[in-house]
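[1] give me a model of this one.
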Amino acid sequence: MITADNIGYKIRNNIILENVSAQIENGKITAIIGPNGAGKTTLLKCLTGAYHPNAGVIKLDDKPLTHYSLDILSRKRAVLSQSNPINFPFTTLEIVMMGRNPYVKNNTAANDMEVALAALESVDALHLKERIFPTLSGGEQQRVQLARVLAQLWEQETAYLFLDEPTSALDLKHQHQFLSLVCQLAQEKQFAVSIIMHDLALAMRYTDHVLLLKNGKLFAAGLPLEVIHAKNIENVFEVPADFVFANRNEKPTQKQYL
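    Numbering: from 1, shown residues only. This next block holds a predicted model:
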């Protein structure tokens, strides 16, 4: 489990996070939601160890995150960032094999190749293995990057998976396929999954716990039904709740947006 205790993060005098406490439990998927600029990505980066909070403490398995070496962390957690620009002509398979870098001293090349191919198959991208990565569509690249982080944690149990808007470039089929796979990893391997999401319907359907941020503070936390409701949507996102829970036969008028 990862615990964040009253963490804060600021750049000069600009407060990005303030007094945020949370628990990311093994076997569960935790959604981090909120409007743009709420601090979602900063919180995720603090939880991964990429950012060091100015206040508070983050612990992984009851041990301060700062006490882990990068080598050990690379085998305990994997991160799929929102943007992964790669312009070099690597093949898809080479990209996924990068996820095996933490194990180069301990595994054979054949074993790493077997894991990489299995990871590609799990995200419905095995047929892309010889394609040059920059030539893939945005959705295909997203699936390949997911295969890379899965390859990084393939043999691990109770590992930590951090995902920053992973479904943003995926079509409807692959959104649900992706999130179903994440649920399977949480249940079968007891992964603790943290995922930044903008689609509240997907958060309601696939996640176990929700952290709702507003202006760098934790506005609400709990089960999806306890957090994602009309009052919170109106208070945090500043739009009428019926934009989310609207009758599908009705179209919003321009006046409703003003």
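
[2] who touches stretch 220-236?
    With Cβ atoms under 8 Å, 6 or more residues apart in numbering as the test, stretch 220-236 has contacts from 22, 31, 33-35, 38, 200, 203-204, 207-212, 214, 219, 239-241, 243-245. From N, CA and C alone the C-beta is placed, and that goes for glycine too.

[3] mind checking which of those are buried?
    The neighbour-count test (16 or more other Cβ atoms under 10 Å) applied to these identifies 22, 31, 33-34, 38, 200, 203-204, 207, 209-212, 214, 219, 244 as buried.

[4] next step: those restricted to strands.
    Under the assignment DSSP state E, the buried ones among the contacts of stretch 220-236 contribute 22, 31, 33, 209, 210, 211, 212, 214, 219 to strands.

[5] between those residues, which is closest to residue 127?
    Distance ranking of these against residue 127, using Cβ to Cβ, places residue 31 first at 30.5 Å.

[6] ok, the closest one - contacts?
    With contacts defined as Cβ under 8 Å, 6+ apart, residue 31 is in contact with 195, 196, 197, 203, 207, 209, 210, 211, 224.

[7] rerun that using 6 Å as the cut-off
    The neighbourhood of residue 31, defined by Cβ atoms under 6 Å, 6 or more residues apart in numbering, consists of 195, 197, 203, 207, 210.

[8] show the pLDDT at it.
    At residue 31, the pLDDT value in this model is 97.

[9] and it, what are its bridge partners?
    Listed beta-bridge partners, residue 31: residue 195, residue 210 (assigned using DSSP bridges).

[10] quick check, residue 115 in a strand?
    No - secondary structure of residue 115, determined by DSSP: H, G, I helix; E, B strand; the rest coil: helix, with no strand assignment.

[11] can you report how many residues lie near the residue lying closest to it once chain neighbours are set aside?
    Spatial nearest neighbour of residue 115, excluding adjacent residues (Cβ to Cβ, 6 or more residues apart in numbering): residue 154 at 4.6 Å. Residue 154 has 22 neighbouring residues, counting by other Cβ atoms under 10 Å.
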